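In: Using only what follows, build the 3D model:
(2 chains, ligands or ions: 2)
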Amino acid sequence: MTTEATIAPPSTKSQVLRSFDVAEFPALNGLEEEWRFTPLKRLRELVRATALTGTAPQVEHGDLPAGVSVRSVEKVDPVLTPFDRVSALAFGSAAGVTLIEVAPEAEPEQAVVIRLVGKGGEAAAGRTFVKVGAFAKVTLVLEQTGTTTLADNIEVVVGDSAQLTFVTVADWDADAVQAQHVKLRIGKDARAVHVQVALGGDLVRQFTSVEYTGRGGDAELWGLYFADAGQHFEHRQLVDHSVPDCRSYVGYRGALQGVSAQTVWVGDVLIRAAATGTDTYEINRNLILTDGAVAHSVPNLEIETGEIVGAGHASATGRFDEEQLFYLMARGIPEGEARKLVVRGFFAELLNKIPVEELRERLGDAIEARLAETGA
Amino acid sequence: MSTLEIRDLQVSVKLPEGDLKPILAGVDLTVKSGETHAIMGPNGSGKSTLAYSIAGHPKYEITGGTVTLDGDNVLDMTVDERARAGLFLAMQYPVEVPGVSVANFLRTAKTAIDGEAPKLRTWAGDLRKAMEKLQMDPAFAQRNVNEGFSGGEKKRHEIMQLELLKPKMAILDETDSGLDIDALRVVSEGVNRVRETGDTGLLLITHYTRILRYIKPDFVHVFVAGKIVQEGGPELAEQLEAEGYERYVGARV
Ligand SMILES: Nc1ncnc2c1ncn2[C@@H]1O[C@H](COP(=O)(O)OP(=O)(O)OP(=O)(O)O)[C@@H](O)[C@H]1O
Ligand SMILES: [Mg+2]
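Out: Ligands and ions are numbered 1, 2, ... in the order given. This is a model prediction of the structure:
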């Protein structure tokens, strides 16, 4: 396990190359800071290709509530300018855009559930655009299953004073590979709660970036991952505070078990000189359940103004708490069950961010089933 | 009728570097259902070590002696097996378990101890009553186990578990410490209710005699430097109250 905390020199994150053209990015060799933890070979064609021709996962959904539409469109003005090669590759190759729109002021009671089902085949590119109108209030769930080799971008625009709870679940088949960029643009007084769940897939790398367009924006990024033997899950965030009086909270938790299960969390928060009154905190916690699993955890704050409400970070990686296990077992609870309780408890705070009971239960059960597998 | 027999128990604490540090130097003690024993001793004498090693905490290594419950070898059992065999330890420092609600924890424990899930129809009521008896707000059921509980709340939670789980033998490790006088009374009443059933043997570990004014021990054992150095009836507690431990500690040096 590694834990590093660095206060980087100003403006490094703000000066990276941004382009829609994959050719402008040098080929990846694994030495780049952003890719140093990623086993590039396992990204397959996504590393070297300049165009992707496979079929993107199929979009499925049930009846949609009033005010919510899902359509396939040819193009949408981007809110993300890619700043890594794979993201640019996805942009250039995506055949169209899945546009999910929530009308201004719409407040559907039920969560909107959309499934992206990978059908295998050649490496593919995808693009999803979520547009939440001003004053709307909605919960959107994106479930990603099946098999695929996928590079995709998700752009999310949260209109002024809108409230979005955006849950993405990556529960791919064991052989699937995904490199995804999620961009959140938060409007004035808008609030986004993003819950990113990664359970299935050979390699899942998700980069989430956040920007604000007006004061009072609030972004909460929650992450839950559980890596089994051989799986590589990587989560990176870049929260760019360039507007005063906005808030961000990043809280990722992961469990790892089995030989060469590997997770990476790199949280970058940038507070620019103009972003006075910023309030931000980021924390990553990892629970190592067995030998042979490795968790990398790197929080990183760049602060260009001292006039802020708060900025902090924390990272902790450890094993099962023996005292907790002892306490539960001393009440007659068998070890296996005690471990389940502790792990479910470890993830409880995150699961509780998901306002869909059925999904919450399903994920809780999936986590417990994982524990049963190895008897960890 | 149950009997807990501790014979010549020798225990070391495992140090981080893997070395063993001997703490218990041969403890002999027999506790029967319905009896209340007080173990009194100065700080660091090994009282918690005795409690934890009977409960099976992995930090301790048994280097000699035996512990049996109704003839069954307790030392061969895992921690959870010991609890299901009828042993209970109210801890000096109860552990916080984030994300696990008290209600869920207690139902899981009750199910494990009884070998079957408590009846849905009566369980909620039983739990509420148990909490009321210890003057715990019902809201505690939804809180995480011991998380953010005050010292006194943690102790009440321990005694509530004692009443719910109805063990054969209960070891209460400094249940009185950190309690104000009102909480001490509430907790003592709980222990006395358990005592009056006559079904549970109680081993009360304490540093001070204060709690013994509320819970009258049948036997008092003075514990110094890892062993019992004197035994007697309740009058011994009164003598300790007056004289302190100096006499015993001094005698060793
Ligand atoms: N990890 C450890 N390393 C070194 N010494 C230890 C360790 N754990 C316990 N001990 C020692 O074992 C001895 C007995 O400790 P124990 O907690 O059993 O005492 P106690 O009688 O319960 O004390 P108190 O009245 O303070 O609760 C003490 O001297 C303590 O310092
Ligand atoms: Mg003690």
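
In: who are the neighbours in contact with residue 118?
Out: I'll assume chain A. Shown in contact with A:Gly118 (C-beta atoms under 8 Å, 6 or more residues apart in numbering or on different chains): A:57-58, A:144-148, A:150, A:172-173, A:176. Just so you know, the C-beta spots here come from the backbone N, C-alpha and C atoms, and that holds for glycine as well.

In: Hmm, no, I was thinking of chain B.
Out: B:107, B:110-111, B:126.

In: where does whichever residue of the stretch 251-376 of chain A sits closest to ligand 2 land in three-state SS?
Out: Residue nearest to ligand 2 within the stretch 251-376 of chain A: A:Glu323 (14.9 Å; C-beta to the ion). At A:Glu323 the chain is in helix, as set by DSSP: H, G, I helix; E, B strand; the rest coil.

In: number of nearby residues for it?
Out: 17 (other C-beta atoms under 10 Å in any protein chain shown).

In: what do you get for A:Pro355?
Out: 14.

In: again with B:Arg143
Out: 16.

In: In space, what's closest to it - neighbours in sequence excluded?
Out: B:Val102 (5.9 Å; C-beta to C-beta, 6 or more residues apart in numbering or on different chains).

In: What separation is there between that neighbour and chain A?
Out: 12 Å (C-beta to the nearest C-beta, to the nearest Å).

In: Show me which residues of chain B are close to chain A?
Out: B:55-58, B:78-80, B:82-84, B:88-89, B:91, B:94-100, B:104-105, B:108-109, B:112-113, B:144-145, B:161, B:165 (C-beta under 8 Å from any C-beta of the partner chain).

In: residues in contact with the residue nearest to B:Arg143?
Out: B:140-145, B:157.

In: Try it again at 6 Å.
Out: B:140-141, B:143, B:145 (C-beta atoms under 6 Å, 6 or more residues apart in numbering or on different chains).

In: on that earlier part again, could you turn the buried ones of the contacts of A:Gly118 into a ChimeraX selection?
Out: To isolate the buried ones among the contacts of A:Gly118 in ChimeraX, judged by 16 or more other C-beta atoms under 10 Å in any protein chain shown, type:
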select /A:57,144,145,146,147,148,150,172,176
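
In: The contacts of A:Gly118 in strands, which ones?
Out: A:58, A:144-147, A:150 (DSSP state E).

In: how deep is A:Pro244 tucked in, by neighbour count?
Out: With other C-beta under 10 Å as criterion, A:Pro244 counts 18.

In: Please, where are all the strands along the stretch 201-350 of chain A?
Out: A:203-212, A:218-227, A:232-241, A:247-256, A:262-271, A:279-288, A:294-303, A:310-319 (DSSP state E, counting those that start in this stretch).

In: what would these look like in a markdown table with mean pLDDT?
Out: Formatted as a markdown table, the strands of the stretch 201-350 of chain A follow (pLDDT from 0 to 100):
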| stretch | mean pLDDT |
| --- | --- |
| strand A:203-212 | 98 |
| strand A:218-227 | 98 |
| strand A:232-241 | 98 |
| strand A:247-256 | 97 |
| strand A:262-271 | 97 |
| strand A:279-288 | 97 |
| strand A:294-303 | 96 |
| strand A:310-319 | 94 |
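
In: Leaving out sequence neighbours, find the closest residue to A:Glu302.
Out: What sits nearest to A:Glu302 in space, not counting adjacent residues and going by C-beta to C-beta, 6+ apart, is A:Leu270, at 4.7 Å.

In: Please report how far the one you found lies from A:Leu287.
Out: As judged by C-beta to C-beta, to the nearest Å, A:Leu270 and A:Leu287 stand 29 Å apart.

In: that older thread, now render the contacts of A:Gly118 as JSON lines, adding pLDDT.
Out: Listed next are these as JSON lines, based on pLDDT from 0 to 100:
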{"residue": "A:Pro57", "pLDDT": "97"}
{"residue": "A:Gln58", "pLDDT": "97"}
{"residue": "A:Gln144", "pLDDT": "98"}
{"residue": "A:Thr145", "pLDDT": "98"}
{"residue": "A:Gly146", "pLDDT": "98"}
{"residue": "A:Thr147", "pLDDT": "98"}
{"residue": "A:Thr148", "pLDDT": "98"}
{"residue": "A:Leu150", "pLDDT": "98"}
{"residue": "A:Trp172", "pLDDT": "98"}
{"residue": "A:Asp173", "pLDDT": "98"}
{"residue": "A:Ala176", "pLDDT": "98"}
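
In: Can you show me the strands along the stretch 1-150 of chain B?
Out: Counting by DSSP E, counting those that start in this stretch, the stretch 1-150 of chain B has strands at residues B:3-14, B:20-32, B:36-40, B:60-69, B:72-73, B:87-90, B:97-101, B:144-145.

In: Kindly reformat those strands as JSON lines and extend each row with mean neighbour count.
Out: Output for those, formatted as JSON lines (neighbours: other C-beta atoms under 10 Å in any protein chain shown):
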{"stretch": "strand B:3-14", "mean neighbour count": "18"}
{"stretch": "strand B:20-32", "mean neighbour count": "17"}
{"stretch": "strand B:36-40", "mean neighbour count": "25"}
{"stretch": "strand B:60-69", "mean neighbour count": "17"}
{"stretch": "strand B:72-73", "mean neighbour count": "12"}
{"stretch": "strand B:87-90", "mean neighbour count": "26"}
{"stretch": "strand B:97-101", "mean neighbour count": "20"}
{"stretch": "strand B:144-145", "mean neighbour count": "24"}
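
In: Let me have the ones you listed in CSV, extended by distance to A:Gly118 and mean pLDDT.
Out: Below are the strands of the stretch 1-150 of chain B laid out as CSV (distance: least, C-beta to C-beta, whole Å; pLDDT from 0 to 100):
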stretch, distance to A:Gly118, mean pLDDT
strand B:3-14, 50, 98
strand B:20-32, 56, 97
strand B:36-40, 64, 96
strand B:60-69, 52, 97
strand B:72-73, 56, 98
strand B:87-90, 52, 98
strand B:97-101, 32, 93
strand B:144-145, 38, 96
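
In: Next step: the contacts of B:Val102 restricted to helices.
Out: With helices taken from DSSP state H, there is no overlap with the contacts of B:Val102.

In: nearest to A:Thr50, of those residues?
Out: B:Val145 (55.1 Å; C-beta to C-beta).

In: Let me know the distance separating the residue lying closest to that closest one once chain neighbours are set aside from B:Arg128.
Out: Residue nearest to B:Val145 in three dimensions, not counting chain neighbours: B:Val97, with 4.0 Å by C-beta to C-beta, 6+ apart. To B:Arg128, B:Val97 is 21 Å away according to C-beta to C-beta.

In: ok, now A:Thr278?
Out: 46 Å.

In: These two: which is more packed in?
Out: When neighbours are counted by other C-beta under 10 Å, A:Thr278 comes out ahead of the other of A:Thr278 and B:Arg128, with 27 against 13.

In: Pretty sure that one sits against A:Glu307.
Out: No - taking C-beta atoms under 6 Å as the definition, A:Thr278 is not a contact partner of A:Glu307, at 8.7 Å.
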